[in-house]
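K.L.:
sequence first, predicted model second:
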Amino acid sequence: MFGYYLDLALRSLKRNPVLTTLMVLALALGIGATITTLTVLKLLSGDPLPQKSAQLFYPQLDPYPRDQPFSRSGKKLPWLMSYVDAMNLLHARKAERQAVMAMSQVKVTPQAQDGKPFYADGVLTTSDFFPMFDAPFQYGAGWASSDDESRAQVVVIAGFLNDKLFGGANSVGRTIHIDDHDFRIIGVLRSWAPQPRFYAVHLGGRDYGKGEAVFMPLQGARADGMTPNTVMSYGSEHTDMQHLETAQSIWLGLWVQLSSADEAPAYKLFLGNYAQQQVALGRFQLSRVALWDLMSWLRNEQVVPDDVRLQAGLALGFLLICVVNTVGLLLAKCLRRSREIGVRRALGASRGAIFAQFMVEAGIVGLAGGVLGLCFAELGLWGIRHQPAQYASLAHLDLSMFLFTFVVALVSSLLAGLLPAWRACVVAPAPQLKAA
Amino acid sequence: MTVHPILAALRRHKAGVSLIVLQIALTLAIVCNAVFIIGQRIERLNRPTGIDESNLIKISQAWVGAPSGDDAASIEKLDALQRTDLDTLRSLPDVKEVAASESLPLSGIIWSSDISLSPEDKGLTAQSAYYYGDEHLRSTLGLHLIAGRDFNAGDILHHTIRSTDVSPVIIVAKPVADKLFPQGDALGKTVYLDGKKPSTIVGIVEQLQTPTTASWGNPFAYNSVLLPVRLDGTSASYAIRTRPGREQAVMHEARKALLAVNPMRIMPDAWGIQSFSDIRAKAYRADRGMAILMGTVCLILLGVTAAGIVGLTSFWVGQRHRQIGVRRALGARRIDILHYFQIENLMIAGIGVVLGVLLAVGLNLWLMAHYEMARIPLFYMTAAVLAMLALGQAAVFVPARRASNVPPVVATRAA
């Protein structure tokens, strides 16, 4: 029976090529736009560390004076931490793992004779950074916590920097010239770049893209004069970039790993106690604290650009209009065929059979729209890859979105076919035959 | 012509009519909001910077192995490096003027702080962006001095960004002067930068946008202050005014000349030497992209909706072939048939736009709650409504004319 419906549907579609093209094209445009924007949205709002995100938490304290709050509304807590607080929490070791971090622009000078110096993104952090974020090593390993305290001049470099400077060879033990100081390479990462880069939010790093090039022990890098990208001052003193460690400035992010989300209340209690202690010491005026799990933090800070969400909304609206349009055109077509339906009904076709026939026709339109929509989506993503955005190079259609395209296409076309098919199957055969 | 028969006919096509109404309403809601967003982006793109943007180049570079700038001697060395560069650039052909210039509008590099009337940072303050530069800065950027004087060579200090020295003289942009001195007597008055030492306003420039286009900079988008300071550091930036049409040549020559003086510097193609038109294009690339994308989607949407109207009306015309013939036989003129379909469409589109305006307002309110969005002005709504009605009329014209061409003799034939 299905084959027969297919044949009928194809004949009917061929009979009005303009109308058919219009339906398929409209559906394909809607689907193409939707898939393109949803792919980007999924890419940007995805879980950067799926296996770990439930265990990672971002604490916040508020060292700002009561009458000069961090945000104008006074509701938001400061994004970053001062050195003193970050180090106190780090050394308290109340979590399984903990690391503080800052982003920095560093000057890298290749050892080669004619090597041109260049700027690279760097992370100044502490030893737990690599195990906590599951950063995979190709060669060597990260540094120990003793290296943090001894200000060891060691560095972990990203795979792409290793490829650029050493042709991908094992460079552990070699030196690299950063900001006019020599650093010994102790580890080379495999390609690793969580998207979005949750730990760089508010630190002046990039939210998306290929990742940072060098990772250095914070204290050692600071001793060599490297400065964080973002510094905010909460005191009246002029911030001296050389003495950030003692300044009334926030410039560090602290991430902690708890054994499970159940530990979060206990850690928050510890934070609260710490803040109250600081109030008692006169360092803080406010004792409020916050503790975010990774995904809530990303949502709350709205890392996904507004424009991307607007585009996705626009595309969904577009698809909705295209579906309504297809319903209208299918309806027009099917009502015009009342006589044909009357004949088929008179010859013994059941209502179900008529309904099925029209749904098959709608399904074909949907599949054709889906295939063409996929082409449009690929075209759209190609366009996005040529945009200047940080995430541009990541925009690719993955298998799940590929399948999703066809689900969207079929569901939307079958929905669009529902009304016309129902109208078709309730056509009474007698009047149609009489009129003929 | 009475409306009654049209209504009677429409009642028999409830499904089709409601689909067109729905489509027109949705299209109106989305297109109206999208066009409003496009309008806002274009408004942003067209904001003036206050500087003369043609024939202007910015050079940003960093020295490798330069002194740290921690002590007086190394600051002098850094300053010497910078002055050598400035002299080198000044000696190039086709260069009209060169200034030490830490930042430019749209370049994104911003130093900002509060300027106040009293030393404790209390009372009236104006958040402002600092433009550090030497005595050539104002004239190189082509800023219009509306009161007072320019900086002279004697005013120019040089120190690092970390220094707590405050320059005794400053030039402010008019919005800063107006905010702090609403009576318009800012010239010669004393203000406090960062709530510290006093500075005297010696000049007022008409307009100068701050270097950032980010939304957090909107509250003080034109609050700019010129500081007579050559900033010393391991990196330095320069602004160059070239002779008309010689930008590309100067960019090429400047790279060669600077590398000849000192090859140990970072000056990448991406941001080392840029013409101001490049800076402008980069600053607004995302806005332009969004406007183009939304515009394209709107056009396609309108096309789809028009096609839908054509499709359904054609079907109705086909279905009423015989009725039209009967009406023609009974004396209706062609123009009557044409008007019938046009009025029918006007009524359907009328219901659609009423619904659409409600949807558009709802969508706008939702966007205002979730994004940075203003209320859609009445003008946009009116324009969108008229455009949708016109679109409906245009789309219905072809099938309606086909209907009017139905000959009366059809009435006598069997259906």
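P.N.:
Happy to help now that I have it. Residues are numbered from 1 along each chain as shown, chains lettered A, B, ... in the order given.
K.L.:
helices or strands next to the host helix or strand of residue A:91 in the packing?
P.N.:
Here residue A:91 sits within helix A:83-92, counting by DSSP states H and E. If you count contacts as 3 or more CB pairs under 8 Å, 6 or more residues apart in numbering or on different chains; DSSP states H and E, helix A:83-92 packs onto strand A:97-109, strand A:253-257, helix A:264-281. To be clear about C-beta, it is placed using only N, CA and C from the backbone, and glycine gets the same treatment.
K.L.:
could you say what helices and strands the shortest one packs with?
P.N.:
Contact partners of strand A:253-257 among helices and strands, from 3+ CB pairs under 8 Å, 6+ apart: strand A:56-60, helix A:83-92, strand A:97-109.
K.L.:
switch these over to JSON lines; also include mean neighbour count, distance to residue A:286 and mean pLDDT.
P.N.:
Formatted as JSON lines, these follow (neighbours: other CB atoms under 10 Å in any protein chain shown; distance: least, CB to CB, whole Å; pLDDT from 0 to 100):
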{"stretch": "strand A:56-60", "mean neighbour count": "23", "distance to residue A:286": "11", "mean pLDDT": "93"}
{"stretch": "helix A:83-92", "mean neighbour count": "18", "distance to residue A:286": "13", "mean pLDDT": "92"}
{"stretch": "strand A:97-109", "mean neighbour count": "23", "distance to residue A:286": "21", "mean pLDDT": "91"}
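K.L.:
around chain B, pick out the residues from the stretch 301-436 of chain A.
P.N.:
Residues of the stretch 301-436 of chain A that fall close to chain B, judged by CB under 8 Å from any CB of the partner chain: A:306-307, A:309-311, A:314-315, A:317-318, A:320-322, A:324-325, A:327-329, A:331-333, A:335-336, A:387-389, A:419, A:423, A:435.
K.L.:
buried members of these into PyMOL, please.
P.N.:
Buried residues within those, by 16 or more other CB atoms under 10 Å in any protein chain shown, are selected in PyMOL with:
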select buried, chain A and resi 307+309+310+311+314+315+317+318+320+321+322+324+325+327+328+329+331+332+333+335+336+387+389+419+423
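K.L.:
burial of the residue in the stretch 251-400 of chain B positioned nearest to chain A, as a residue count?
P.N.:
Per CB to the nearest CB, the residue of the stretch 251-400 of chain B with the smallest distance to chain A is residue B:315, at 3.7 Å. Neighbour count of residue B:315, defined by other CB atoms under 10 Å in any protein chain shown: 22.
K.L.:
my read: it touches residue A:334, true?
P.N.:
No - shown here, residue B:315 and residue A:334 do not form a contact pair, counting by CB atoms under 8 Å, at 9.9 Å.
K.L.:
common neighbours of those two, please.
P.N.:
Counting by CB atoms under 8 Å, 6 or more residues apart in numbering or on different chains, residue B:315 and residue A:334 have no shared contacts at all.
K.L.:
circling back to that earlier point, which ones among the residues of the stretch 301-436 of chain A next to chain B lie within helices?
P.N.:
A:306-307, A:309-311, A:314-315, A:317-318, A:320-322, A:324-325, A:327-329, A:331-333, A:335-336, A:419, A:423, A:435 (DSSP state H).
K.L.:
in the chain, which spans are helices?
P.N.:
Reading this off chain A. Counting by DSSP H, the helices of chain A are A:2-15, A:17-45, A:83-92, A:129-132, A:145-149, A:159-166, A:218-223, A:264-281, A:294-300, A:306-336, A:338-346, A:351-385, A:399-425, A:429-435.
K.L.:
looking at chain B here, not the other one
P.N.:
Going by DSSP H, chain B shows helices at B:4-11, B:14-45, B:72-90, B:137-141, B:174-180, B:247-261, B:276-283, B:285-319, B:321-329, B:334-370, B:378-404.
K.L.:
can you put those in TSV and add mean pLDDT?
P.N.:
TSV is the format used below for the helices of chain B (pLDDT from 0 to 100):
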stretch	mean pLDDT
helix B:4-11	79
helix B:14-45	89
helix B:72-90	90
helix B:137-141	92
helix B:174-180	91
helix B:247-261	90
helix B:276-283	89
helix B:285-319	85
helix B:321-329	86
helix B:334-370	91
helix B:378-404	91
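K.L.:
need the winner for burial among these.
P.N.:
The highest average neighbour count among these, using mean count of other CB atoms under 10 Å in any protein chain shown, belongs to helix B:137-141 at a mean of 23.
K.L.:
who does that one touch, helix- and strand-wise?
P.N.:
Packing contacts for helix B:137-141, counted by 3+ CB pairs under 8 Å, 6+ apart, involve strand B:95-100, strand B:235-242.
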